[in-house]
Each structure stands twice: as C-alpha cells, then as structure tokens.
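K.L.:
I would like the atomic coordinates for the input below:
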Amino acid sequence: MVDSVNAASQIEQLSKRIIPRCEGKHLIVVFNKADLIEDVQKSNLSAFIGEFPTRISEHIYISAKRRENTNELQKMLINAAHLPTV
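P.N.:
Alright, predicted model coming up:
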C-alpha cells in the first residue's frame, strides 16, 4: 500500500525492496488517500507504475477513510487469490 500524498518516496522503496521479491507473483499496488490527490496526479502515478521493469499486475486508488473503491479492492484480492466470491 502506497500513501498517494507521499507516493514518490514510497514508490522508490517499492521499486528497490519489494518488487524484486515479487517475481512471478500477482502484485497489486494500492494507492491509499486517493481523495487527497488530483486526477492529474493519479494519471502520472499510473504512467509511472507502467514504466516499472517488473510488471505490476494491477493498481487501484482507494480512500480507506471515505471507503472509496474498497469493494473493488476486495474483489481484486479475491480474484488474485482465486477464492470464491463473498
């Protein structure tokens, strides 16, 4: 999970420490606090994620505080884990 407001430093950690360990795995990057950033920033983050050398399977923008896109995130996690629908 990446804090959308402070994404730059967290994405650097993600790219150096986490992504190399995820080879061959289904990786979902969750940007939280999406209610605090503009659509332009979301587009820039999405484009940046697309340029990673390791393929990121999916990404989603959520606001846990406002419960925005949390149901979509739950569906993504269920699909990634190949679980039956709840």
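
K.L.:
only C-alpha atoms for contact and neighbour calcs from this point on.
P.N.:
Fine.

K.L.:
what's the residue closest to the geometric middle of the chain?
P.N.:
Centrality entry for the chain: nearest residue to the mean C-alpha point is Val29, 2.1 Å, by CA atoms, centre = their mean.

K.L.:
Can you show me the helices along the protein?
P.N.:
Using DSSP state H, the helices found in the chain span residues 7-13, 39-50, 70-81.

K.L.:
Tell me which of the ones you listed lies nearest to Pro20.
P.N.:
Checking these against Pro20 by CA to CA gives helix 7-13 as the closest, at 10.9 Å.

K.L.:
Restricting to C-alpha, output that closest one in PDB.
P.N.:
The C-alpha atoms that make up helix 7-13 are tabulated as PDB, following Å, rounded to 0.1, in the frame of the first residue of the first chain:
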ATOM      1  CA  ALA A   7       4.000   8.500  -3.300                       C
ATOM      2  CA  ALA A   8       7.400   9.400  -4.600                       C
ATOM      3  CA  SER A   9       9.500   8.200  -1.700                       C
ATOM      4  CA  GLN A  10       7.300   5.200  -1.100                       C
ATOM      5  CA  ILE A  11       7.500   4.100  -4.800                       C
ATOM      6  CA  GLU A  12      11.200   4.300  -4.500                       C
ATOM      7  CA  GLN A  13      11.100   1.800  -1.700                       C
END
